[in-house]
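1. sequence unknown, structure follows:
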């Protein structure tokens, strides 16, 4: 996902927005300092686009002799998607300012540019992948989110299931993936999970499943997706003997939320969880 965007002139002075970056989601690096460093060495950067990877982030730069457009993205994002986003944003910026690129003419222009930046996020949808053992409720959660219907009959997922979340969470377009939980299908996870922004680890809240998740599933998916964000969903909290979310959180070392995916109010709870993870997790 793209987390922020700004425009500077050739001398590192801010063109837009007036302060900081236009932020779509949380981040914890200083983009102003990073942008100034790139400007200082820009004469040695022959490409139109430059990308610098920093931990879980990728800072991307569209370089023009008169200005520089900077975005902060998740490292998992595909570079062609980011460059398409920045190219389309540049077109809109130039159409709005013409030859007067040194500043946005008035507050209305700034707001229009913000709306354009948000609307163009469709080029970089947020990919959320639900991962876990067989029968823990991954497909139930995804169908509840995408279709608003509750499924109580267990039908194993073969390979993967893909759904679009209707509407938006903030400015973001969301794509939901599930992987097949049975051991014989786990070799396919690397294909399904490619470029995943957020991994939702789903458990059925039993001691046996917690042990499998900690010892088998998490190491496997961490190896495939070292730069994604991780959250655990402690599903089936209504069943006798279900481990509470705090116990699972302590064992896995991941933020953990309790859920009963077959309840009607669970869709609102999952939307709230997704919103928090997308917008507040740096």
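-> Cool, the structure landed. All values reported here derive from a predicted model rather than from experimental measurement.
2. contacts, neighbours, all on C-alpha from now
-> Will do.
3. what's the closest residue to residue 257 other than its chain neighbours in contact with, if anything?
-> Spatial nearest neighbour of residue 257, excluding adjacent residues (C-alpha to C-alpha, 6 or more residues apart in numbering): residue 233 at 5.0 Å. By C-alpha atoms under 8 Å, 6 or more residues apart in numbering, the residues touching residue 233 are 200-203, 256-259.
4. for residue 23, same thing?
-> Residues in contact with residue 23, defined by C-alpha under 8 Å, 6+ apart, are 3-5.
5. Beta-bridge partners for the residue nearest to residue 257, please?
-> Counting by DSSP bridges, residue 233 is bridged to residue 202, residue 257.
6. roughly how far apart are it and residue 248?
-> 9 Å (C-alpha to C-alpha, to the nearest Å).
7. which residues do the two both contact?
-> residue 256.
8. Could you check how far residue 70 is from residue 37?
-> 12 Å.
9. and the two? which has more neighbours close in?
-> residue 70 (25 against 12; other C-alpha atoms under 10 Å).
10. Which residue, neighbours along the chain excluded, lies closest to that one?
-> Here the residue nearest residue 70, using C-alpha to C-alpha, 6+ apart, is residue 61, at 4.7 Å.
11. Count the residues that sit near the one you found.
-> Quick note: residue 61 (other C-alpha under 10 Å) scores 26 neighbours.
12. need the contact list for it.
-> Per C-alpha under 8 Å, 6+ apart, neighbours of residue 61: 49-51, 68-71.
13. circling back: from the contacts of residue 233, which would you call buried?
-> 200-203, 256-259 (16 or more other C-alpha atoms under 10 Å).
14. Distance of residue 95 relative to residue 89?
-> 10 Å.
15. Of those two, give the one with the bigger neighbour count.
-> Neighbour totals were compared for residue 95 and residue 89, and residue 89 leads with 21 against 10 (other C-alpha under 10 Å).
16. Check whether the more buried one really touches residue 115, as I assumed.
-> No. The pair residue 89 / residue 115 is not scored as a contact, 10.6 Å apart, by C-alpha atoms under 8 Å.
17. just the helices in this protein please.
-> For the chain, applying DSSP state H gives helices covering 31-40, 79-97, 107-119, 138-147, 189-192, 207-212, 218-224, 245-252, 266-280.
18. want to throw these into TSV with distance to residue 165 and mean pLDDT?
-> As requested, those are exported to TSV (distance: least, C-alpha to C-alpha, whole Å; pLDDT from 0 to 100):
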stretch	distance to residue 165	mean pLDDT
helix 31-40	31	77
helix 79-97	19	93
helix 107-119	16	89
helix 138-147	5	88
helix 189-192	17	61
helix 207-212	28	96
helix 218-224	23	91
helix 245-252	25	98
helix 266-280	10	91
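19. who wins for proximity to residue 126 among those helices?
-> Comparing the helices of the chain by their distance to residue 126 (C-alpha to C-alpha), the top pick is helix 266-280, with 8.6 Å.
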